[in-house]
Every structure is written in C-alpha cells, then in structure tokens.
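S.K.: Structure for this input, please:
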Amino acid sequence: MIAKIILRNMRRNSRRTILTAATIALTTFLFAMLVSIPASMDRLIADASTTLRLIVNNRTRGYQGATPARYCREIEQIPGVIACVAFNGMMATYRDAREPFVAMAASPELPRVFPDYDLPASDAIACAADRRCGIAGALLARKYGWHMGQQVMLRDSAAGHMELNFVIGGITQSRRYPNNFTFSREYLEAARKARGIDDHDLAAFLIIRVAGINDMPRIARRIDETYRNSGYETRTTTESEMIAGGLSQIGNVRGIIAALCAVVVATVMLLAANAMAMMVRERISEVAVMRALGFSRVAVAKLLVGESLVICLLGGIVGTALALWVFGPGVNAGAVLGGVGSLFVDTRDAALAMGAALLVALGSVAIPVIAAVRIPPAMAFRRVV
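M.R.: Residues are numbered from 1 along each chain as shown. Next up, the predicted model:
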C-alpha cells in the first residue's frame, strides 16, 4: 500500500518530480565521470605493473634526453631479457593543430616487447613490409574516423612542422593502448635525415621485456652498471614507475577530484533538500490524517523517505546509465591523464555514483521528515514545516 501511495504522490506534482530527478541524474553523471579519473590513473599503473617491462632513459636528462639505439643489441645479450625496442616520439597533429597526440616510432621488435598490443599477426607482418604503415589505437581511430587502408597525413607540431604520410595498417583494440599511434622508426629517421637531422642511432628511450618479475631488479642494475661513465649513462625503471612519475607531474589530481565531488554532492544536496522540504510541506495535512487514523511515525516516515528515495534512484539510474554509455567504451583523456591514457567509467564508478545519489536522497529528506513526524496530529493541520 505504501508503494502505491508513493507513486501517486510522485504524480501529483510531476514537474517538480521530473526536475528533481533530472538534477540527480546530472549529478550522478558528473560524479561518475569525476571518480573515474583517479580510477583510470590507478588502472594505468596497475596494468603497467604486470607487463614485465623496463624503461631505459638518459640518466642526466631523463625523458628529454637521448639513448643510443645500439644499446638494444647489447642489452638483449643479458640473460633474462626477451627483447628490446627503441622508441622515438613526436607530438603529431591531424587536421586540428590544437589537438596534438604522441606518435611513437618503434623498431621492428615492437610485437615481441608488447605482446599485449592485441595486433593481429597479419597486420604486424604487413606493417613490417611497409614502413609507411601506421598502427592506431581504437579510441584514436574512432576519434578521427580512421579505417584500415586509409591514407592519413600527420604533422610534427615541433619546429619545422615535418609532414609524414601513413597508411592505416592496423587498429589495436587493447584498452591499455587506446590512444597510441605507432609507426616505423626507420621511416622517421629517413624523414629527419632528408631535413638535415642525422640522429639515426639516438632513441628517446628503450623498452625491454624480461622473462620474469624476479629478473627485473637484477637486469635494471646490470644495464645501469654497464653504461656508467659512458657518453650516455642510463637510468632504468619499471614501466609502472615511469607512468606514475608522468602522472605525478600533472598535480594532485586526487585532491582536486575529491574537492570537486564534495562540492557537487553538497550543492545538489542543498537543491534536493529544498525540493524535499516543499514536498513534505505539501504532505503535512496528509501526515496529520494518517497519524489520526493510527499510522505510526515509522510508517509515515517510510512514506516520505520512500518518495525521496524513488525520485533519487530514478535520477541515479538515468545518470549512471548515461555515464556508462558515454564513457564505458572509453574516451581520450588528453591532458587530464598526461596524454598516456584514457578515461573509462566501469561498474565500480557507477556504483559509487549511485551511492552518492542515495546519500543525497537521505541527506536532503532527513530533517524535513523528522520535523514532520514529530508534530502531534492536532497541531499538524495548523502548522507548516
């Protein structure tokens, strides 16, 4: 019977019900999006910790320096090393110069170092035969509408604005690399040499895949000791440490997100509290009648709280469903995650958002309901909460 009364009361002022539910839906959507940012950062680091890869950088200049690509041939002789790949990068743009992304030029050992790249063997073989072949992540390809076999022209956003033409020869579906664009390092070297830049043996960094997690500290020490006091000293770290270091450079994201979530929830709670207070004020005469007929305070409270919960649940379901639809497949996070990842809303983030919706429902209705059920029936006809 209480459920029927709740549904009837919700239809009594449908405009306010719809607007309140829409406010909760928007809040839930924003909350799910915000909490997914630190969750996506954690996911990046957690995924990287299982890849058995080491990153070799220039010891003195870090990510801004250079490391000889020939080191790879020497490193591959160390017991426990499966393969080594040399990388060079460029900030590339496609059509819109305001939206640069990182394009990575890799040596042919890429599939051995990145077996989790999820690139079909046929595509890898085809790209090995054509140095103009480019491999795009699924989100990057979706963003620009790329498809297999399409010719695209990327422009280096650095000085010189070098233009490189590619044929999309592979689209990786891996959620770990949705924004990546990789191509032949030989192609980049030839293009730079044509412009008078002869750095064919220098790579931005090297990535190594090892046989087991227990081999990583030993191999890292061995590499750094081998090239100590050389012209290009090295600093070897794990992939998860490199990503964590890159993400730390964009500031205290967790603190900012926590503050934004608190502001969003507090603001909507105030708005919802005003709507719920109006709802309880309209029901005050009904509360008096029900109390006079013998309904307990608990039963009346269930009726009033139930209406608030149903409205907030409806709004929460709409908001979380919208967040999962928009961000579930993933979106390019751009500068939010330092250009190294994407933003995904999963079921955990949706559950947190629904919890926020329930918190708003209970917090906004608690004071008006407590005040309403404490009024004696005789006084309720003349008193407004």
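
S.K.: Now do stretch 304-317: distance to the chain's middle.
M.R.: The chain centre lies 29 Å from the centre of stretch 304-317; the measure is C-alpha atoms, centre = their mean, to the nearest Å.

S.K.: swap that for stretch 113-129, sorry
M.R.: Centre-to-centre, stretch 113-129 and its host chain are 25 Å apart (C-alpha atoms, centre = their mean).

S.K.: Give the rounded mean pLDDT of that stretch.
M.R.: Averaged over stretch 113-129, pLDDT sits at 73.

S.K.: Return the set of buried residues in it.
M.R.: Buried positions in stretch 113-129, judged by neighbour count with 16 or more other C-beta atoms under 10 Å: 113, 114, 117, 118, 119, 123, 124, 127. The way it works is simple: take the backbone N, C-alpha and C, and place the C-beta from them, glycine included.

S.K.: so who does the nearest residue to the fourth one once chain neighbours are set aside touch?
M.R.: So the one you mean is residue 118. Spatially, and ignoring its direct neighbours in sequence, residue 118 is nearest to residue 174 (4.0 Å; C-beta to C-beta, 6 or more residues apart in numbering). Applying C-beta atoms under 8 Å, 6 or more residues apart in numbering to residue 174 gives the contacts 116, 117, 118, 137, 138.

S.K.: Okay, and which of those map to strands?
M.R.: Those of the contacts of residue 174 mapping onto strands are residue 137, per DSSP state E.

S.K.: Identify the farthest-apart pair in the contacts of residue 174.
M.R.: 116 and 138 (14.0 Å; C-beta to C-beta).

S.K.: quick one: contacts for residue 84?
M.R.: 71, 72, 73, 75, 76, 109, 113, 206, 207, 208, 209.

S.K.: List the beta-bridge partners for the most centrally placed residue in the chain.
M.R.: Centroid check for the chain by C-alpha atoms, centre = their mean gives residue 343 as the closest residue, at 2.0 Å. Applying DSSP bridges to residue 343 yields these beta-bridge partners: residue 331.

S.K.: So it sits against residue 35, correct?
M.R.: No - if you go by C-beta atoms under 8 Å, residue 343 and residue 35 don't touch, sitting 10.8 Å apart.

S.K.: The residue nearest to residue 118 and residue 211: what is the separation?
M.R.: Distance, residue 174 to residue 211, by C-beta to C-beta, to the nearest Å: 22 Å.

S.K.: same check, this time on residue 112
M.R.: 12 Å.

S.K.: now do residue 165
M.R.: Distance from residue 165 to residue 211, by C-beta to C-beta: 38 Å.

S.K.: circling back to that earlier point, output the contacts of residue 174 in a markdown table, with distance to residue 17 appended to each entry.
M.R.: Conversion of those to a markdown table gives the following (distance: C-beta to C-beta, whole Å):
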| residue | distance to residue 17 |
| --- | --- |
| 116 | 48 |
| 117 | 50 |
| 118 | 46 |
| 137 | 43 |
| 138 | 40 |
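
S.K.: for the contacts of residue 174, which one is nearest residue 102?
M.R.: residue 137 (10.9 Å).
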